[in-house]
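Asker: could you look at this predicted model? Sequence included:
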Amino acid sequence: MNDNIRKLGYLFLALFTVLMLYMGYLNVVVGPTLATDPHNRRLAAAEEAIIRGAIYDRRGALLAEDRVIGGAKVRVYPRGRETAHLLGFVSRQYGRTGLESAFDSYLLAMDDAGKVRAVFDRILGRQRYGYNVGLTIDAGLQRLALNMLGSRSGAVVAIDPKTGAVLAMVSSPAFDPGSIEEVVRTESVTKNGKTQEIKTTRYDILKTKTDSAPLLNRAARGLYPPGSTFKVITGAGALEAAGQKTGRTVECKGSITVDGFVLKDTGVHGKVGFNEAVAVSCNSYFGELGLELGEEGLKRAAGSFGFELLDYEGKTGGMGKYPVVSAEIPYNPGTLPADRMSPPEAASTAIGQGRTLVSPMQMALVAAGIANGGVVMKPLVMEKVVDRSGGIHKKMSPVALYTAVSPETARDLSAAMEDGVRRGTASQAAISGIRVAGKTGSAQNPHGQTHAWFIGFAPADNPGIAVAVVVENAGGGGYVATPVAREIIREYLSK
């Protein structure tokens with residue numbers, strides 16, 4: 001009898017231990033995520049009882065705040081379309097997106113200190129306030145980037161390569177986050193003898209525009225073939241494999257043939273070495289490099305910059321060298337096909353065609369990694385969190401994400417990209433008195449004209465800004481995307 005009681009006691013003790021561990025897991029590990037999930041109804045209740053924190057740019061310019069208008073609390077976005085995809089929105093009808101969602105725990109003061117303060121505020125009958133969030137973003141660059149894109153679809157990402165601070169993240173077409181709940185049309189519909197009013201909001205209309213996709217954050221979530229901007233990754237793989245030096249030269253005759261597949265070039269470049277091939281964007285040279293590296297070498301080079309493998313079912317997996325670390329704004333890493341590449345596909349992949357896809361954020365990180373001596377920093381959007389009295393609640397510090405290439409390889413790539421600006425396809429990026437390094441791309445796509453690309457950084461001898469620009473269906477990167485990047489670089493460095 002005593003043995004049975006003892007066994008039952010052990011069973012209950014084991015069950016109690018498992019329950020405590022599970023409750024601890026829910027509260028410590030899963031709890032913070034669930035608390036700020038945009039579908040959590042408690043967020044709406046918390047929103048009603050507090051003045052949501054304001055959001056500012058790196059220079060203190062107001063980007064978002066709560067205001068009382070006509071007796072009702074309204075979230076206001078003074079910069080409108082300029083920060084739409086970055087900040088997202090807060091809406092009773094449509095939930096929350098962007099940084100408004102990512103930073104809910106700060107903006108609603110949902111940490112332990114905020115909860116304690118909330119108790120005293122309720123007892124004393126005081127208005128509750130969330131924390132203010134200061135971003136790394138430069139509002140002036142946001143405006144300039146959106147203006148430079150104009151009516152064209154595309155994206156711009158600018159990063160401080162030394163810290164990972166995101167200086168600009170713009171997607172076009174954009175929308176006004178402060179007007180998404182505005183009713184633009186009311187219709188009376190009679191059904192079964194009952195008349196009902198159907199209201200159509202601006203957000204309803206934005207959702208129907210599937211062709212232009214104004215709600216899509218192209219900068220972080222857009223996926224494009226990278227075109228010739230991928231050649232810096234192919235070049236990085238070749239430099240690393242050759243011990244940071246590649247003396248390879250290729251006689252460019254305007255095309256190469258691989259197993260019957262003709263890979264065409266932009267012209268007949270004659271005998272070219274590495275720097276010349278980067279400067280003139282020689283497909284023949286990099287197609288040959290791709291064949292030399294082979295499938296494994298190309299995937300290794302891409303993996304060193306954070307690319308993942310994509311299978312036919314759309315599932316991704318890391319390539320084993322570095323883990324993918326999530327950012328404050330989730331972005332799509334570059335992807336290569338997980339299945340085997342034929343020699344023709346390896347040659348095409350080496351010049352940024354084939355099945356390779358990238359986001360502008362990913363390519364900005366590639367440029368930033370080269371600029372930073374091979375070290376890619378984690379992209380950061382939050383600079384600090386402050387309370388209502390101005391006290392620092394939290395301050396972010398730079399974090400190294402991974403080492404993509406050696407300092408020697410980064411230096412050689414930088415020199416080749418400088419040549420591209422001095423005497424090659426990226427000459428439109430030149431700025432008087434500033435050494436600019438860059439690489440253009442014109443990515444073929446099956447849906448129309450080529451996508452125009454540019455990635456680069458400046459000053460090349462002491463980089464302060466790295467930029468990626470893509471303009472959809474716009475033609476050559478050297479003539480379309482490069483001038484956008486040049487003005488972003490010029491504006492930022494002038495400050």
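Answerer: Nice, thanks for sending it over.

Asker: which one is Val250 nearest to, not counting chain neighbours?
Answerer: Leaving aside its sequence neighbours, Val250 sits nearest to Tyr285 (C-beta to C-beta, 6 or more residues apart in numbering; 4.5 Å). Glycine gets a C-beta too; all of them are placed from N, C-alpha and C.

Asker: check contacts around the one you found.
Answerer: Neighbouring residues of Tyr285 by C-beta atoms under 8 Å, 6 or more residues apart in numbering: Val250, Cys252, His269, Val272, Phe274, Ala277.

Asker: export those residues to CSV and tack on secondary structure and pLDDT?
Answerer: Written out in CSV, the entries for the contacts of Tyr285 read as follows (DSSP: H, G, I helix; E, B strand; the rest coil; pLDDT from 0 to 100):
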residue, secondary structure, pLDDT
Val250, strand, 89
Cys252, strand, 90
His269, coil, 92
Val272, strand, 92
Phe274, helix, 94
Ala277, helix, 94
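
Asker: who are the packing partners of the strand or helix carrying His85?
Answerer: Per DSSP states H and E: His85 is located in helix 84-87. Secondary-structure packing of helix 84-87 (3 or more C-beta pairs under 8 Å, 6 or more residues apart in numbering; DSSP states H and E): helix 98-102, strand 166-172, helix 218-221.

Asker: now with 6 Å, please.
Answerer: Counting contacts by 3 or more C-beta pairs under 6 Å, 6 or more residues apart in numbering; DSSP states H and E, helix 84-87 packs against helix 98-102.

Asker: how many neighbours does the nearest residue to Leu380 once chain neighbours are set aside have?
Answerer: Ranked by C-beta to C-beta, 6+ apart and with sequence neighbours excluded, the top spatial neighbour of Leu380 is Gly164, at 5.0 Å. For Gly164, the count of nearby residues is 24 (other C-beta atoms under 10 Å).

Asker: coming back round to it: contacting residues around the helix holding His85?
Answerer: Contacts to helix 84-87, defined as C-beta atoms under 6 Å, 6 or more residues apart in numbering, come from residues Ala64, Gly98, Leu99, Glu100, Met169, Ser171, Ala174, Phe175, Pro177, Asn217.

Asker: okay, now Val119: neighbour count?
Answerer: One way to gauge burial is a neighbour count; for Val119, by other C-beta under 10 Å, it gives 9.

Asker: could you check the pLDDT of it?
Answerer: At Val119 the predicted local confidence, pLDDT, stands at 78.

Asker: A strand includes the residue nearest to Val250, no?
Answerer: No. Following the definition DSSP: H, G, I helix; E, B strand; the rest coil, Tyr285 is helix and is not counted among the residues of a strand.

Asker: how near is it to Lys253?
Answerer: In this structure, Tyr285 and Lys253 are separated by 11 Å, where distance is defined by C-beta to C-beta, to the nearest Å.

Asker: again with Gly154
Answerer: Distance of Gly154 to Lys253, given as C-beta to C-beta: 34 Å.

Asker: now Gly354. Nearest residue, chain neighbours left out?
Answerer: With C-beta to C-beta, 6+ apart, the residue lying closest to Gly354 is Ser348, at 4.1 Å.

Asker: SS state for that neighbour?
Answerer: Three states are possible here, and by three-state DSSP the one that applies to Ser348 is helix.

Asker: can you give me the neighbour number for it?
Answerer: Taking other C-beta under 10 Å as the neighbour definition, Ser348 ends up with a count of 23.

Asker: where does pLDDT dip in the stretch 251-400 of the chain?
Answerer: The model of the stretch 251-400 of the chain has pLDDT under 70 over residues 311-327.

Asker: swap the cut-off to 90 and go again
Answerer: Within the stretch 251-400 of the chain, the stretches falling below the threshold (pLDDT under 90) are 266-267, 309-330, 333, 337, 339, 354, 388-390.

Asker: where along it do the strands fall?
Answerer: Counting by DSSP state E, counting those that start in this stretch, the segments of the stretch 251-400 of the chain that form strands are 255-258, 261-264, 270-272, 308-310, 316-318, 335-337, 375-377, 382-386, 392-395, 400-403.

Asker: please parse this protein into its domains.
Answerer: Domain ranges of the chain: 1-35, 223-494, per automatic domain parsing.

Asker: wait, which of these is closest to Asn192?
Answerer: For the domains of the chain, proximity to Asn192 was assessed by C-beta to C-beta; domain 1-35 is nearest, at 40.5 Å.

Asker: quick one: mean pLDDT over that closest one.
Answerer: Averaged across domain 1-35, the pLDDT comes to 60.

Asker: give me the sheet partners of the longest strand anywhere in the chain and which way each runs.
Answerer: With DSSP state E applied, the strand covering the greatest number of residues in the chain is identified as strand 448-458. Taking DSSP bridges as the criterion, strand 448-458 pairs within the sheet with strand 437-445 (antiparallel), strand 465-471 (antiparallel).

Asker: contacts for the helix or strand where Ile123 lies, please.
Answerer: Secondary-structure element containing Ile123, defined by DSSP H and E: helix 112-124. By C-beta under 6 Å, 6+ apart, the list of residues contacting helix 112-124 from outside reads Arg128.

Asker: what's downstream of it, the next helix or strand?
Answerer: Scanning onward from helix 112-124 (DSSP H and E), the first element met is strand 128-129.

Asker: what's in contact with that following strand?
Answerer: The list of residues contacting strand 128-129 from outside it, by C-beta under 6 Å, 6+ apart, reads Ala49, Ile50, Ile51, Ala118, Asp121, Arg388.

Asker: check which residues of whichever helix or strand comes after that strand are buried.
Answerer: Where DSSP H and E defines the elements, the next helix or strand beyond strand 128-129 is strand 132-135. By neighbour count with 16 or more other C-beta atoms under 10 Å, strand 132-135 contains the buried residues Asn132, Val133, Gly134, Leu135.

Asker: right, I'll call it a day here.
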